[in-house]
Every structure is written in C-alpha cells, then in structure tokens.
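**Q** here is my input, please return the structure:
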Amino acid sequence: MSTPRGRRQKHEEHEEHVDERWMASYMDMVTVLMCMFIVLFAMSTVDANKFDQLRNSLATGFGQKNVGKIDTAQGTVVPADKVDSKDQGFTSLDLALKEVKDLTDLEDKINASLASKGLQNTVDYQIDQRGLTIRLVDSQTFFESNSVALVGVAPSVLDSIAAVLAPSKYSVSVEGHADIRHPEPPYPTNWELSSGRAVEVTRRMVELGGIPGARISAVGYGDSRPLAPGDSPEAMAQNRRVDIVAISDAPEAVRALIPDALVESNKPPGEQVPEKSPSKTPEKPTTKESGGHAAGTPPDQGAAHKTSPFALPGATAGR
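**A** Next up is the predicted model:
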C-alpha cells in the first residue's frame with residue numbers, strides 16, 4: 001500500500017511545475033528589452049571622437065579613404081573690396097542696348113550691300129522686340145499681280161539681303177501678308193497667295209542666297225495682320241507685303257527692354273532712361289525708313305509704311 005501512495009505523491013509534485021515553462025520565454029523577452037535599452041542609452045551618450053574613429057575604421061575596412069570630419073557650418077568670408085566687380089552694374093537694359101547695337105550694325109551692313117547696287121532706297125527697317133524687320137518698299141512691282149513670281153528688282157534686292165544674313169547668327173522668318181480683297185484663281189484665299197510669296201522669297205534666299213534651310217522659315221498670314229486699317233488704295237498698298245525678320249536670340253527679359261533701349265540710344269548724352277521691369281504690355285516699336293527717319297507705328301505690326309514691297313504704291317488692282 002505504501003508504494004502506490006509514493007507514486008501518487010511523486011506525480012503530484014511533478015504537476016506543480018507544469019505551468020511554469022512560460023518563464024523561459026518571459027526571461028528571454030526581458031533580456032532582449034534590457035539589451036535594447038542599454039544600446040539606446042549608449043547611443044544617446046556617444047563620444048564624438050570615438051564615433052569618428054569608429055566611422056573611419058569602418059570606412060577603411062570597406063576600402064574608402066579617411067576623409068575626416070567636414071564642417072559645413074564654417075566658410076570663408078571674402079571682403080567686399082576683394083570681389084571682382086567686372087560684372088557689377090551690368091543690367092538687362094545694358095544687354096538690351098547691346099542687342100540694339102548688334103541689330104543696328106546688321107541693318108547698316110544690309111543697307112551697304114543694297115547701296116552697292118543702287119538699291120538702298122528699296123527697303124524700310126524696323127527694330128523691335130522680335131529683332132530686325134526688313135520690308136521692300138520700292139515703287140516698282142516685286143510680284144506680278146495675283147502671282148508669286150518674283151519680277152523687277154526683287155531678285156537683286158533679295159540676293160543683297162541674303163548675302164548679309166547668310167553668315168550672321170540670326171534665324172530668319174519670311175512672312176507673307178495680303179490686303180483684304182479676295183484673290184483670283186488659282187489662289188482660293190489670301191492664305192495661299194501670301195504663303196506662296198513667302199515661300200518664293202525663302203527659296204530664293206536658300207537656293208541662291210546661301211542661307212541654311214535650318215535657319216529660315218516661311219509663313220503666310222493672309223490679311224490677318226494689316227499695317228494700316230481701312231480699304232483705301234494707300235492702306236491696301238501698305239498691307240500687301242513680305243517681311244524678312246532677323247529674329248533676336250536675346251533672352252526674353254532683354255528683348256522686352258528693346259523699346260527702352262531704342263529710346264535710350266536716341267537720347268542726347270547725359271540723359272538717362274530709368275530701367276524698369278519687363279512689361280507684359282507691348283510698346284510701340286520704332287520704324288526707321290531707309291533714309292534714317294524714325295516714326296511711331298500702329299500696334300498691329302509695329303510699323304506703317306508708305307509703299308508696298310510687292311506692288312506699285314497706290315495701285316488698286318495689284319496683289
């Protein structure tokens with residue numbers, strides 16, 4: 001009888017510790033948490049010198065050079081009198097004045113090229129925010145009526161202009177315009193007539209004038225951009241034209257100040273025009289005829305001219 005009682009007592013003592021196995025996992029968790037807090041504490045009190053040594057040691061181990069500590073909070077202060085003042089005071093208006101001078105030089109070269117053939121009175125010039133616009137204004141007919149064929153002095157004039165534009169830095173836009181009357185067949189609208197004349201001028205300046213095709217373009221505006229309002233013979237004569245525009249490559253902020261630069265360049269010495277921020281409102285450009293006189297122009301295109309580049313001035317039937 002004593003044996004079963006001993007077995008039962010031993011079994012009961014064993015069952016008292018069955019539910020205590022969770023303590024092993026609990027102790028593991030507590031140990032991990034303790035290690036984590038120790039690491040956090042150690043990181044919060046890191047020695048800067050020892051940290052740099054550790055960083056450099058790791059960098060050396062990975063094949064990198066010891067670059068040391070870079071202090072970005074310090075710099076070198078250069079006294080104002082040691083700063084190069086080469087570009088000080090060089091404003092946008094100064095750049096606009098330089099651009100006006102470059103465009104004026106281009107105008108003078110074209111005029112000299114035309115003068116060598118006695119054609120200096122066949123064009124008008126206009127400098128504005130776009131660049132230099134050249135318009136043929138001779139009293140002779142440059143295009144046949146209702147045709148895109150070049151006649152009269154037109155080929156010689158275009159060749160003289162192209163000889164100057166070809167080696168220059170400027171891109172060229174050839175822009176055809178027409179008056180308000182409807183053309184006759186084979187041109188259904190003024191778009192075809194004006195663009196056809198622009199293309200004819202462009203081909204002449206590329207194929208015989210030597211202007212690279214990548215630097216020149218042709219566009220026809222029809223009767224959408226008149227220089228003079230109304231349907232009088234004089235107004236229609238001014239609106240029938242082809243403009244050759246040497247486009248300025250200056251930044252937009254500089255080109256916006258070209259009207260101010262034109263005023264500045266025409267003022268007597270000592271009188272200055274205050275520089276102002278570029279305005280979004282277009283100003284009236286200055287148009288200069290071949291004789292050198294300046295005149296204000298209407299806001300449509302920036303200039304009004306006395307004669308048409310491609311028709312007899314005053315003629316009502318020519319297109």
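**Q** so what's residue 102 up against?
**A** Residues in contact with residue 102 (Cβ atoms under 8 Å, 6 or more residues apart in numbering): none are found. Quick note: C-beta positions are derived from backbone N, CA and C, even for glycine.
**Q** secondary structure element for it?
**A** helix 92-115 (DSSP states H and E).
**Q** got the angle for whatever helix or strand comes next after that helix vs helix 92-115?
**A** Using DSSP H and E, the helix or strand that follows helix 92-115 in sequence is strand 123-127. Computed by axes from the mean of the first three to the mean of the last three Cα atoms, to 10 degrees, the angle separating strand 123-127 from helix 92-115 equals 170 degrees.
**Q** which elements pack onto whichever helix or strand comes after strand 123-127?
**A** Once strand 123-127 ends, the next helix or strand along the chain (criterion: DSSP H and E) is strand 131-136. For strand 131-136, the packing partners by 3 or more Cβ pairs under 8 Å, 6 or more residues apart in numbering; DSSP states H and E come out as helix 92-115, strand 123-127, helix 154-165, strand 241-247.
**Q** go again using 10 Å as the cut-off
**A** helix 92-115, strand 123-127, helix 154-165, strand 171-177, strand 241-247, strand 286-289 (3 or more Cβ pairs under 10 Å, 6 or more residues apart in numbering; DSSP states H and E).
**Q** quick one on the thing from earlier: can you dump the C-alpha atoms of the helix holding residue 102 in PDB for me?
**A** Extracted C-alpha coordinates of helix 92-115, given in PDB (Å, rounded to 0.1, in the frame of the first residue of the first chain):
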ATOM      1  CA  SER A  92      19.200  94.000 -68.500                       C
ATOM      2  CA  LEU A  93      19.000  97.400 -70.100                       C
ATOM      3  CA  ASP A  94      22.700  97.300 -70.900                       C
ATOM      4  CA  LEU A  95      22.100  94.000 -72.600                       C
ATOM      5  CA  ALA A  96      19.200  95.400 -74.500                       C
ATOM      6  CA  LEU A  97      21.400  98.300 -75.600                       C
ATOM      7  CA  LYS A  98      24.000  95.900 -76.900                       C
ATOM      8  CA  GLU A  99      21.300  93.900 -78.700                       C
ATOM      9  CA  VAL A 100      20.000  97.100 -80.400                       C
ATOM     10  CA  LYS A 101      23.600  98.000 -81.400                       C
ATOM     11  CA  ASP A 102      24.000  94.500 -82.900                       C
ATOM     12  CA  LEU A 103      20.700  94.800 -84.800                       C
ATOM     13  CA  THR A 104      21.700  98.300 -86.000                       C
ATOM     14  CA  ASP A 105      25.000  97.000 -87.200                       C
ATOM     15  CA  LEU A 106      23.200  94.300 -89.200                       C
ATOM     16  CA  GLU A 107      20.900  97.000 -90.700                       C
ATOM     17  CA  ASP A 108      23.900  99.000 -91.700                       C
ATOM     18  CA  LYS A 109      25.500  96.000 -93.400                       C
ATOM     19  CA  ILE A 110      22.300  95.300 -95.300                       C
ATOM     20  CA  ASN A 111      22.000  98.900 -96.400                       C
ATOM     21  CA  ALA A 112      25.600  98.900 -97.600                       C
ATOM     22  CA  SER A 113      25.000  95.700 -99.600                       C
ATOM     23  CA  LEU A 114      22.000  97.300-101.200                       C
ATOM     24  CA  ALA A 115      23.800 100.600-101.800                       C
END
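**Q** burial count for residue 167?
**A** Neighbour count of residue 167, defined by other Cβ atoms under 10 Å: 9.
**Q** how about residue 147?
**A** 19.
**Q** quick one: the nearest residue to residue 202 once chain neighbours are set aside and residue 117, what's the gap?
**A** Nearest residue to residue 202, sequence neighbours excluded (Cβ to Cβ, 6 or more residues apart in numbering): residue 218, at 4.1 Å. Distance, residue 218 to residue 117, by Cβ to Cβ, to the nearest Å: 24 Å.
**Q** now do residue 196
**A** Residue 196 sits 26 Å away from residue 117, taking Cβ to Cβ as the criterion.
**Q** the more surrounded of these two?
**A** residue 196 (20 against 13).
**Q** tell me which of the helices and strands packed on strand 131-136 sits nearest to residue 33.
**A** Closest to residue 33 of those, according to Cβ to Cβ: helix 92-115, at 66.8 Å.
**Q** list the buried residues of that closest one.
**A** Using 16 or more other Cβ atoms under 10 Å as the test for burial, helix 92-115 gives 92-93, 95-97, 99-100, 102-104, 106-107, 109-111, 113-114.
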